[in-house]
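A.B. asks: Sequence first, then the predicted structure, then my questions.
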Amino acid sequence: MKQVLYTIAIMLLLGCKVTSDSNTQVAATSLHKVVAGDKLNQLSSKAISDLDAIAIDSTAIPRTIENGVMKGTRSKSWTSGFYPGLLWQLYGHSQDQALLKAAQQWTAFVEKEKWDGGTHDLGFKIYCPYGNAYKLTQDESYKDVFVRAAKTLSTRYNPKVKAIRSWDHHEHLWKYPVIIDNMMNLELLFEASRYTGDSTFYKIAIDHANTTLDNHFRADNSSYHVVDYNPDTGEVVKKNTHQGLAHESAWSRGQAWGLYGYTVAYRYTKDKSYLDQAMRIADYIYQHPNMPADFIPYWDYDASGDDQPRDVSAAAIAASALLELQEYVPQKTDQYIDWAQRTLSSIGSEKYKLDTPPFFLQHSTGSVPGEFEIDSPIIYAEYYYVEALLKLKTLFHS
């Protein structure tokens with residue numbers, strides 16, 4: 001009901017005639033299809049025009065803007081897959097050959113990362129570009145790359161801990177750290193299992209999701225950023241943060257990773273405990289007393305206030321997750337769609353808009369404790385924003 005009322009309000013603002021209750025939903029679906037489609041058309045056009053401004057360079061894959069200049073990164077960075085993945089997404093919408101060519105060029109730069117066993121971020125680096133490429137082209141060579149990456153990622157699994165190790169750095173702080181972000185790499189494993197028939201990938205993904213479910217969440221369903229385990233016994237050593245305000249605070253992007261991760265885990269397993277957790281996280285995020293009215297959260301839910309940086313990337317990730325979660329919870333479909341639409345409307349507003357190539361969003365936050373990318377454009381915000389718009393377009397397609 002909220003979604004319908006929200007749609008009627010938009011229609012009235014646009015001067016649209018509302019006829020009868022029986023026609024309201026039909027009008028609503030048509031309206032939102034046009035809104036999502038038009039926005040994707042605009043973003044596709046911008047991405048095409050931006051191509052000439054971004055040199056094809058394997059050492060400068062777009063990541064952020066620093067001192068007014070685009071700052072790129074090598075393929076080894078955890079963010080390297082988002083720009084090529086974004087190009088694939090926009091190509092899928094527009095079918096523009098310039099975007100296809102650019103997507104192919106930038107994607108090739110990250111292929112070697114399928115062998116990098118020193119990181120858990122292979123889902124971000126490899127599946128974002130190669131998963132999208134395979135879905136759109138059915139080219140088996142793309143699938144082969146992300147299956148190889150899944151094999152590499154599996155080497156970081158510890159059967160005692162029953163989870164995939166996240167980081168190999170800061171050994172003075174932890175011995176076997178697992179971060180909430182790591183839930184985002186499970187889709188790679190689930191897809192590899194689906195295409196190869198090898199259940200090993202599936203079992204590792206399930207173990208990781210279960211271990212995280214058991215140990216990462218507080219009574220209020222907020223999550224810790226980092227949980228450290230004893231690699232020999234699997235016991236929890238400590239729970240803390242690396243990017244949040246405090247060990248017991250709720251880092252906003254971490255909450256979004258959890259929402260997205262458990263929604264995806266439910267997609268592949270139909271395990272109700274994953275669905276229930278995703279629903280609880282959604283409520284935590286969108287009903288939090290420190291959530292701003294425009295649904296763009298502060299960088300940490302315990303760091304509210306006008307002087308605190310927002311995080312558009314956290315909002316985009318959460319909105320994308322909600323637009324899948326609504327499929328699985330009919331009794332909350334209207335509420336989840338309403339939350340997602342309001343979030344996407346804010347993200348697309350002038351307040352968060354940016355025109356500097358190849359970005360179109362600003363006001364994301366990388367790490368306040370690390371003192372980098374604070375109140376900045378960051379490429380993964382664009383990736384999940386476009387992903388959410390594509391889901392919205394599909395949702396109201398028929």
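C.D. replies: Structure received. Note that this is a predicted model, so its numbers are computed, not measured.
A.B. asks: Tell me how many other residues crowd A150.
C.D. replies: By other C-beta atoms under 10 Å, 29 other residues sit near A150. C-betas here are computed from N, CA, C, even on glycine.
A.B. asks: Got the phi and psi for it?
C.D. replies: phi -60, psi -40 (degrees, to the nearest 10).
A.B. asks: Repeat that for G366.
C.D. replies: Per degrees, to the nearest 10, the backbone of G366 is at phi -80, psi -70.
A.B. asks: Could you do N182 as well?
C.D. replies: Dihedral angles (degrees, to the nearest 10) for N182: phi -60, psi -20.
A.B. asks: Might you report the residue contacts of it?
C.D. replies: H120, A163, I164, S166, H208, T212 (C-beta atoms under 8 Å, 6 or more residues apart in numbering).
A.B. asks: Nearest spatial neighbour of the fifth one, chain-adjacent residues omitted?
C.D. replies: For H208, ignoring the flanking residues on the chain, the nearest one in space by C-beta to C-beta, 6 or more residues apart in numbering is A163 at 4.8 Å.
A.B. asks: and if you look at the first one?
C.D. replies: Computed as C-beta to C-beta, 6+ apart, the closest residue to H120 that is not its neighbour in sequence is S166, at 4.8 Å.
A.B. asks: Filter the contacts of N182 down to the ones in strands?
C.D. replies: Counting by DSSP state E, the contacts of N182 place A163, I164 in strands.
A.B. asks: buried residues in stretch 236-243?
C.D. replies: For stretch 236-243, the neighbour count (16 or more other C-beta atoms under 10 Å) marks V236, K239, N240, T241, H242, Q243 as buried.
A.B. asks: ditto for stretch 64-71
C.D. replies: T64, I65, M70.
A.B. asks: and it, what's its mean pLDDT?
C.D. replies: Averaged over stretch 64-71, pLDDT sits at 94.
A.B. asks: And the contacts of it?
C.D. replies: Here stretch 64-71 has contacts from 54, 60, 62-63, 356-359, 366, 373, 376-379, using C-beta under 8 Å, 6+ apart.
A.B. asks: Quick check: of these, which lies closest to Y130?
C.D. replies: Lowest distance from Y130 to these (C-beta to C-beta) belongs to I379, with 16.8 Å.
A.B. asks: Distance check, the closest one against R74.
C.D. replies: Distance of I379 to R74, computed by C-beta to C-beta, to the nearest Å: 14 Å.
A.B. asks: Neighbour count: those two, which is higher?
C.D. replies: Of the pair I379 and R74, I379 is the one with more neighbours under other C-beta under 10 Å, namely 26 against 14.
A.B. asks: State the phi and psi torsions of the nearest residue to W174 once chain neighbours are set aside.
C.D. replies: Nearest residue to W174, sequence neighbours excluded (C-beta to C-beta, 6+ apart): D228, at 3.8 Å. Main-chain dihedrals, D228, degrees, to the nearest 10: phi -100, psi 130.
A.B. asks: And the pLDDT at D228?
C.D. replies: Predicted confidence (pLDDT) for D228: 98.
A.B. asks: for it, what are its contacts?
C.D. replies: L173, W174, K175, Y176, P177, V178, V236, V237, K238, K239, N240 are the contacts of D228 under C-beta under 8 Å, 6+ apart.
A.B. asks: Name the nearest of these relative to H288.
C.D. replies: Of all those, H288 sits closest to K239, with 20.1 Å by C-beta to C-beta.
A.B. asks: The helix or strand where the closest one lies: partners in the sheet, and parallel or antiparallel?
C.D. replies: Using DSSP states H and E, K239 sits within strand 236-240. Using DSSP bridges, strand 236-240 pairs in its sheet with strand 226-229 (antiparallel).
A.B. asks: Just the CA coordinates for the partner strand, please, in CSV.
C.D. replies: In CSV, the C-alpha atoms belonging to strand 226-229 read as follows (Å, rounded to 0.1, in the frame of the first residue of the first chain):
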residue,chain,number,x,y,z
VAL,A,226,35.6,-8.0,11.8
VAL,A,227,35.4,-11.2,13.7
ASP,A,228,38.8,-12.8,14.6
TYR,A,229,39.0,-16.6,14.9
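A.B. asks: Centre of the chain to that strand, how far?
C.D. replies: Strand 226-229 sits 22 Å away from the centroid of its parent chain (C-alpha atoms, centre = their mean, to the nearest Å).
A.B. asks: Kindly report the same for stretch 48-67.
C.D. replies: Offset of stretch 48-67 from its chain centre (C-alpha atoms, centre = their mean): 21 Å.
A.B. asks: One more: stretch 65-75?
C.D. replies: The chain centroid and the centroid of stretch 65-75 are separated by 21 Å under C-alpha atoms, centre = their mean.
A.B. asks: and the end-to-end length of it?
C.D. replies: One end of stretch 65-75 to the other measures 17 Å (C-alpha to C-alpha, to the nearest Å).
A.B. asks: how near is K353 to R342?
C.D. replies: 17 Å.
A.B. asks: coming back round to it: now, which of the contacts of stretch 64-71 lie within strands?
C.D. replies: Using DSSP E, the subset of the contacts of stretch 64-71 located in strands is P62, R63.
A.B. asks: Buried members of the contacts of stretch 64-71 into PyMOL, please.
C.D. replies: To isolate the buried members of these in PyMOL, using 16+ other C-beta under 10 Å:
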select buried, resi 54+62+63+357+358+359+366+373+376+377+378+379
